[in-house]
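Chemist: Structure of the sequence below:
(one chain, ligands or ions: 1)
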Amino acid sequence: MSLATAYADAARTIRGSVQVALACHVNPDGDALGSMLAMHHVLRHHGIASVASFSEPFQTAPHYRELPGLELLVPPSQFPAEPDVMVTFDCGSLRRLGDLEASARAARSLIVIDHHISNDLFGSINVVDATAAASGVVVRELVRVLGFALDQDAAVCLYAALVCDTGRFQYESTTPAVFDLARELIEFDVPISSLSRTLFEEHRFAYLQLLAEVLQRAVLVAEQRFVWTVVTQDDLVRHGVTLDEVEGLIDIVRRTREAEVTAVLKEDGDGSVRVSLRSLGDVDVCAIAQSMGGGGHRFAAGFTASGPAAAVAEAIRAALV
Ligand SMILES: [Mn+2]
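Modeler: Presented below is the predicted three-dimensional model:
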């Protein structure tokens, strides 16, 4: 099926439905939340009932608090068990829906909106454009095919999706089309500056104090161009910081000039260790993550291991040889 056909089929299905159920991946990022909420706003403003949710833990990181419509989300327990039409956002596989996987399996029509090249096309209609910089780009096009107009709330959500997945217009994915869309969106009075501060820059003072300790204990293995550090449960408890808040910490550690590969290990409450990996491109960290039961992209990947953290770091280092 061509992409144009997929857009047309998705639009026809949505227009003809009584209620559309929207879902994004577990632990949603800015693109997942932004693309889903944008569609939620557009459908509501055009008289199509919709419900939007994501899996437990049903909680969004504090830096997404300026996205309009977070209060409209319903917990997964209130999501339809057998939706007539369900749409997924930024989700590469059924498994990534977490608690909402069963609803997706039971849906009469399942529309998949995504931009991951690894998407396994689990929908009955797959609107998957691997050339799109964000799922938000795909949503913008679908809204156009629907013949619906954007509104300010949707524009802010799509702008957030775009800046999050392009790293504020700095990643390779930043094409002329990205700037074209950004230009269209900011016509809706997007609060560019305050959004940028809350999404990327602002942290509670407690986080900065935790960061100081985590950076202090970072280990550079110079001969393997590998830098790693760990966020312990003790750190989180002493500083009153949640795991959600340390999500972006790796972006600071990966600034290390001497390192090709960066790992941040985070101790979860249940004794397991959540590992985030980044590379500059010479090393395929996805392959390392996959060998340890995880996945991701060549440059950014992750997995969950059973601790202790030092042993997990040593296993990563050994995999770099
Ligand atoms: Mn995305």
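Chemist: Next one: the residue in the chain positioned nearest to the ion from residue 113, what distance?
Modeler: Residue nearest to the ion within the chain (C-beta to the ion): residue 31, separated by 3.4 Å. The way it works is simple: take the backbone N, C-alpha and C, and place the C-beta from them, glycine included. Shown here: residue 31 relative to residue 113, a distance of 11 Å by C-beta to C-beta, to the nearest Å.
Chemist: picking up where we left off before, pretty sure the residue of the chain closest to the ion sits in a helix.
Modeler: Yes. If the criterion is DSSP: H, G, I helix; E, B strand; the rest coil, then residue 31 is within a helix.
Chemist: Identify the residues contacting it.
Modeler: 90, 134-136, 161, 164-165 (C-beta atoms under 8 Å, 6 or more residues apart in numbering).
Chemist: who touches both of residue 31 and residue 113?
Modeler: Residues touching both residue 31 and residue 113 (C-beta under 8 Å, 6+ apart): 90, 135.
Chemist: follow-up on the earlier one: who wins on neighbours among the contacts of residue 31?
Modeler: Highest neighbour count within these, by other C-beta atoms under 10 Å: residue 136, with 36 neighbours.
Chemist: Can you say which helix or strand has that one in it?
Modeler: helix 135-146 (DSSP states H and E).
Chemist: what residues does that helix touch?
Modeler: Contacts of helix 135-146 (C-beta under 8 Å, 6+ apart): 7-8, 10-11, 14-15, 31-32, 34-35, 38-39, 42, 46, 89-90, 113-115, 127-129, 132, 149-150, 154, 157-158, 160-162, 165, 177-178, 181, 184.
Chemist: do stretch 107-114 as well
Modeler: Residues outside stretch 107-114 that contact it (C-beta under 8 Å, 6+ apart) are 10, 13-14, 17, 21, 35, 39, 82-92, 104, 119, 121-128, 135, 138-139, 142.
Chemist: can you tell me which of these are in helices?
Modeler: Secondary structure from DSSP state H places 10, 13-14, 35, 39, 104, 135, 138-139, 142 of the contacts of stretch 107-114 in helices.
Chemist: Please type out the PyMOL selection for whichever of the contacts of stretch 107-114 turn out to be buried.
Modeler: A single PyMOL command is used to select the members of those judged buried by 16 or more other C-beta atoms under 10 Å:
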select buried, resi 10+13+14+17+21+35+39+83+85+86+87+88+89+90+91+92+104+119+122+123+124+125+126+127+128+135+138+139+142
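Chemist: Low-confidence regions, the stretch 101-250 of the chain specifically.
Modeler: Residues of the stretch 101-250 of the chain that meet the criterion pLDDT under 70 are absent altogether.
Chemist: At the contact with the ion, which residues of it appear?
Modeler: Selection of the stretch 101-250 of the chain residues close to the ion by C-beta under 5 Å from the ion yields 135, 165.
Chemist: And the strands in the stretch 101-250 of the chain?
Modeler: Per DSSP state E, counting those that start in this stretch, the stretch 101-250 of the chain carries strands over the ranges 109-114, 125-128, 219-221, 226-231.
Chemist: Show me what the last one is packed against.
Modeler: Under the contact criterion of 3 or more C-beta pairs under 8 Å, 6 or more residues apart in numbering; DSSP states H and E, the helices and strands touching strand 226-231 comprise helix 205-216, strand 219-221, helix 250-253, strand 261-267, helix 309-319.
Chemist: got a markdown table for these, with distance to residue 96 and mean neighbour count too?
Modeler: Below are the helices and strands packed on strand 226-231 laid out as a markdown table (distance: least, C-beta to C-beta, whole Å; neighbours: other C-beta atoms under 10 Å):
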| stretch | distance to residue 96 | mean neighbour count |
| --- | --- | --- |
| helix 205-216 | 27 | 14 |
| strand 219-221 | 32 | 15 |
| helix 250-253 | 20 | 18 |
| strand 261-267 | 19 | 24 |
| helix 309-319 | 23 | 16 |
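Chemist: Sweet, I'm off.
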